[in-house]
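Q: Sequence and predicted structure, then a few things I'm wondering about:
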Number of protein chains: 2
Amino acid sequence: MEIKEFYDYMKEISKIQNAAALVAWDMRTKIPSKGARDRADVMGKLSRMTFEMETSSKMAEFVEYFNRSKVKDSLNEIDKRNVYLATKQYRRGKAIPPEKFEKFMIACARGETVWQEAKAESNFQKFKPVLEEIIGYLKDFTDMFSYEENRYDALLDEFEPSTTTKDIQKVIDGLKKDLIPFIKKLSNTKRPDDTALKGKFDRSLQERLSLEALKVMNYDFKAGRLDETEHPFTIGIGPGDVRVTTKYDPSDLRPSLFGTMHEGGHALYEQGISEKYFRMPIGTGASMGIHESQSRTWENMIGRSKAFWKFFYQKLTDIFPQYGKISVEDFYKAINVVEPSLVRIEADEVTYNLHIIIRFEIEEALINDRVKVSDLPDIWNAKMREYFGIEPSNDAEGVLQDVHWAGGQLGYFPSYMLGNLYAAQFFATAQKEIPDLEEQISSGDLKPFRKWQKEKIHRYGALYDPKDLIVKVTGEPLTHKYFMDYITKKFSEIYEF
Amino acid sequence: MEIKEFYDYMKEISKIQNAAALVAWDMRTKIPSKGARDRADVMGKLSRMTFEMETSSKMAEFVEYFNRSKVKDSLNEIDKRNVYLATKQYRRGKAIPPEKFEKFMIACARGETVWQEAKAESNFQKFKPVLEEIIGYLKDFTDMFSYEENRYDALLDEFEPSTTTKDIQKVIDGLKKDLIPFIKKLSNTKRPDDTALKGKFDRSLQERLSLEALKVMNYDFKAGRLDETEHPFTIGIGPGDVRVTTKYDPSDLRPSLFGTMHEGGHALYEQGISEKYFRMPIGTGASMGIHESQSRTWENMIGRSKAFWKFFYQKLTDIFPQYGKISVEDFYKAINVVEPSLVRIEADEVTYNLHIIIRFEIEEALINDRVKVSDLPDIWNAKMREYFGIEPSNDAEGVLQDVHWAGGQLGYFPSYMLGNLYAAQFFATAQKEIPDLEEQISSGDLKPFRKWQKEKIHRYGALYDPKDLIVKVTGEPLTHKYFMDYITKKFSEIYEF
């Protein structure tokens, strides 16, 4: 059997995935309301076809043949990795009986509906039964997937391959020790005033600003576009087409501007993957965490940096002249207010990881039967008190705030935190390797940094596991140290202590 | 075997077709330039999957079973028609060996590229070889499809089922006799002045006007949307989603306004099909010609009528105040200038059919070996002289003007003419059945007419062949008489004779 035959087959899967990605993009940006219901069936059909091809008897042949040690040894690095990823996908797909997986999907669909109602009513009891059902399925699945040490590893593997519960626990232990006292210190210091940031911001002007930011980032508009949506996302629809979306808040331009830079960071990653990997299993990001590191880099480490605003403030005031009255220094401080808050998606870059730590600890205990679903509200509130010193007044702004559990996505949250940590560690290396990086950013020349990201990270796609990629790029395994260094330096200066 | 099994299978085909329609829409409206090449592969994949399902062994079983006379007799009208259409599709699909069809598709793809170059250079010789190849395939196909009298019938059948060469010839004979002298008469009369229609028209204001027109037409925006494109089209992407596109000419608002009304007419048809027919073979238009009749009705019979402008002129001048200086009467005349011209797509509603007659006569002679490809330029120019009294100065504005032949679409052109004739015949019936139709249009109330169209034509989808539908709605078979009555009355008044 020739490896070309395997690649041709993978290409066919990729084409169906492209169609599915376009349907997904359209459902969240352009579809008229009456078209939505039946389009979900189209989405289901395309997913099913992909799944069938990924687990077909033809795929079984590929898996069997190309994993024979003699055959495998003759493959080059890229072929080997593609076979590895396809094999993994095949085994995950085969591990769960289709009928069982379908029941799980139905439970998740119901879960999301019930969660929406439960959140609106701030009524955890309503959500409890379906969440128990979902957790039940997930426990079964972890057994079917198999894992070495911790059931949670099997969940993590989908989002952060090669990263174990133990790895994350180790990072968290260090982070908690440094981060919690630092946040306490910030909380006891006078916070910058950000009232000047509120106002009225025309939608089309916000769009101009978002486009300006993407231009500065060297986002390739010939290989993508920007559209409006309710819950912003980035999506690679196919070779040469990676689309960004954003949302315009009429009274605050921060969500659209930093949201666009966040999504733009994801998009640069996808646009930067080597063209040779198009339509191959490795033609995607290395993991959710690595992906998130690229978005966080642009949103926070660049987008909320002093250097960036040295040149970008002029572009902002050109579009929104009302900012002419505020000094760039005050503006910079205002976009960097730190405040322990109840809701993850509104959290600043300092406190964000704490939100994730709470979720990780709960998920890991839940899947290992150390806590029960019915205990969740109490545990949640206790952890909020312990880590943040605040407590939600109801479950809607507490344990019910995120959709992930309702959708069966346990194991996803850690990627957000890992992203923040990867980002800081990558960025520290970039600073070392590009000595005048800060001057370049201050002058608006982000090409060298974008080139660095592409060469060191993006072009490889999923050729390496995140665990290996971080060592390859930075010379050492993931540590929380770079993140702490970064926020300590930045916020000590902003908060003047 | 239960009929439900057949319908379930048809639903699966329909879902893939929906995905393909979305890909097609996106490729012509939103796709970034670098994404286009690989997206064509996705389109190819989805088409191939549809074709495979339509000609599968499963489909063979359905065709065999539901066409058994005992089984067929037990089906209701709708089931019978759905089986008929699926059977027809199956047989057409099976008639041609897949490898042969693929070669034809490749020839057509090359044909379109070569045609573009040949047209740019006005060089028919360059186009000749590939056109000969395409015609060769089509001749073979007509033998494989089988036909009763005329090879051309087999081509017509794809676009205008149940309509034969003889049917069209009969209509054309009558039409030519009446139309050619009428055009001569118009040509010898002073034409209205339309210079006042030219100017500068802001893109976003033109969009507002197009949206206004669609609103007046009762187009359902919750089940569709309007976007910009290079070559306007309408597309049904799925249940509850029928999208319109238009093009904005900065120096002339007629193309976008009348283009939008034309496409809106197609869209009303698709939006008006009974919801019970969703995802069934009959859940589409009855034919290309009937579809075109709906677009022509809105573009010409309403959009270029005096009654329509009695109320719509105010909306136009609200958006484009420069029209305040022209009287509505002069405006009405200016949008109804008749002029024999070289190019079909720029033709007015009076001369349009002559362009089609030329193409029909050439196609029919070509497929039946009465003329050769190499003769086409001479024949074309001779017919232009005979029917229009003018002659192209080069092949680019003559025989090379349309893409259809390059794309292998012989048999398509007659639908445009049939659409004009169906439109006039339907409209005459509507005038009889809605006595105050003209007053309603003058007051901007187009709901009753839209309701009439939906009840009499749209809701049936493809339940009837066009030949039967026209009798069902108007009480008689297609005739050119209503079209001639309509243009004679309208243009005698405008041209004052």
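A: Arrived safely.

Q: okay, CA-based contacts and neighbour counts for the rest of this
A: Noted.

Q: Please, where are all the strands along the stretch 151-300 of chain A?
A: Secondary structure of the stretch 151-300 of chain A (DSSP state E, counting those that start in this stretch): strands located at A:226-228, A:234-238, A:241-246.

Q: Would you give the sheet partners of the first one, along with the direction of each?
A: Read that as strand A:226-228. Applying DSSP bridges, strand A:226-228 is found paired with strand A:241-246 (parallel).

Q: returning to that earlier point: can you add mean pLDDT and give the strands of the stretch 151-300 of chain A back as JSON lines?
A: Output for those, formatted as JSON lines (pLDDT from 0 to 100):
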{"stretch": "strand A:226-228", "mean pLDDT": "98"}
{"stretch": "strand A:234-238", "mean pLDDT": "97"}
{"stretch": "strand A:241-246", "mean pLDDT": "98"}
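
Q: For A:Phe308, find the nearest of those.
A: Nearest to A:Phe308 among the strands of the stretch 151-300 of chain A is strand A:241-246 (20.5 Å), distances taken as Cα to Cα.

Q: neighbouring contacts of that closest one?
A: Strand A:241-246 is contacted by residues A:223-237, A:256, A:259-260, A:263-264, A:267, A:270-271, B:31-32, B:34-35 when judged by Cα atoms under 8 Å, 6 or more residues apart in numbering or on different chains.

Q: Can you get me a residue count around A:Phe426?
A: Using other Cα atoms under 10 Å in any protein chain shown, A:Phe426 has 24 neighbouring residues.

Q: returning to what we had before: tell me the buried residues within the contacts of strand A:241-246.
A: By neighbour count, with 16 or more other Cα atoms under 10 Å in any protein chain shown, these hold A:223-229, A:232-237, A:256, A:259-260, A:263-264, A:267, A:270-271, B:31-32, B:34-35 as buried.

Q: Among the contacts of strand A:241-246, name the ones in helices.
A: Members of the contacts of strand A:241-246 lying in helices (criterion: DSSP state H): A:256, A:259-260, A:263-264, A:267, A:270-271.

Q: So which of the residues you listed is the closest to A:Val473?
A: Among these, and counting by Cα to Cα, the member closest to A:Val473 is A:Glu270, at 17.9 Å.

Q: The closest one reaches A:Gly285, doesn't it?
A: Yes. Here A:Glu270 reaches A:Gly285: they are 6.9 Å apart, a contact under Cα atoms under 8 Å.

Q: Need the overlap of contacts for the two.
A: Common neighbours of A:Glu270 and A:Gly285 (Cα under 8 Å, 6+ apart) are A:458, A:461.

Q: For the spatially most central residue of chain A, give its distance to A:Glu364.
A: With distances taken as Cα atoms, centre = their mean, A:Glu292 lies nearest the centre of chain A, 4.0 Å away. Per Cα to Cα, to the nearest Å, A:Glu292 is found 21 Å from A:Glu364.

Q: got it, and A:Ala462?
A: A:Ala462 is 26 Å from A:Glu364, where distance means Cα to Cα.

Q: These two - which one has more neighbours?
A: The neighbour count for A:Ala462 versus A:Glu364, taken as other Cα under 10 Å, is higher for A:Ala462 (25 against 20).

Q: thought that one was touching A:Ala286?
A: Yes. If you go by Cα under 8 Å, A:Ala462 and A:Ala286 touch, sitting 4.0 Å apart.

Q: Near chain B, which residues of the stretch 151-300 of chain A are found?
A: Within the stretch 151-300 of chain A, the positions lying close to chain B (Cα under 8 Å from any Cα of the partner chain) are A:221-225, A:238-241.

Q: What's the local residue count around A:Gly475?
A: A:Gly475 has 13 neighbours, counted by other Cα under 10 Å.

Q: A:Ala86 now?
A: The local packing of A:Ala86 (other Cα under 10 Å) involves 21 other residues.

Q: ok, now which ones touch it?
A: So A:Ala86 contacts A:54, A:63, A:281 (Cα under 8 Å, 6+ apart).

Q: between those residues, which is closest to B:Gln169?
A: Closest approach between the contacts of A:Ala86 and B:Gln169, by Cα to Cα: A:Glu54, at 54.1 Å.

Q: For the closest residue to the closest one other than its chain neighbours, pull up the helix or strand it's in.
A: In this structure, A:Glu54 finds its nearest non-sequential neighbour in A:Tyr90, 5.7 Å apart by Cα to Cα, 6 or more residues apart in numbering or on different chains. Using DSSP states H and E, A:Tyr90 sits in helix A:77-95.

Q: Show me how far the helix or strand following that helix is from its chain's centre.
A: Using DSSP H and E, the helix or strand that directly follows helix A:77-95 along the chain is helix A:98-121. Averaged C-alpha coordinates place helix A:98-121 at 22 Å from its chain's average position (Cα atoms, centre = their mean, to the nearest Å).

Q: buried ones in helix A:98-121?
A: Neighbour counts over helix A:98-121 (16+ other Cα under 10 Å) mark A:101, A:104-105, A:107-108, A:110-112, A:114-116, A:118-119 as buried.

Q: next one: stretch A:337-345
A: So stretch A:337-345, judged by 16+ other Cα under 10 Å, has buried residues A:337-344.

Q: What is the nearest of the ones in helices among the contacts of strand A:241-246 to chain B?
A: A:Gln271 (11.0 Å; Cα to the nearest Cα).

Q: just checking, that closest one touches A:Gly240?
A: Yes. With contact defined as Cα under 8 Å, A:Gln271 reaches A:Gly240; the gap is 7.3 Å.

Q: sorry, back to before: buried residues in the helix holding A:Tyr90?
A: Buried residues in helix A:77-95, counting neighbours by 16+ other Cα under 10 Å, are found at A:78-87, A:89-95.
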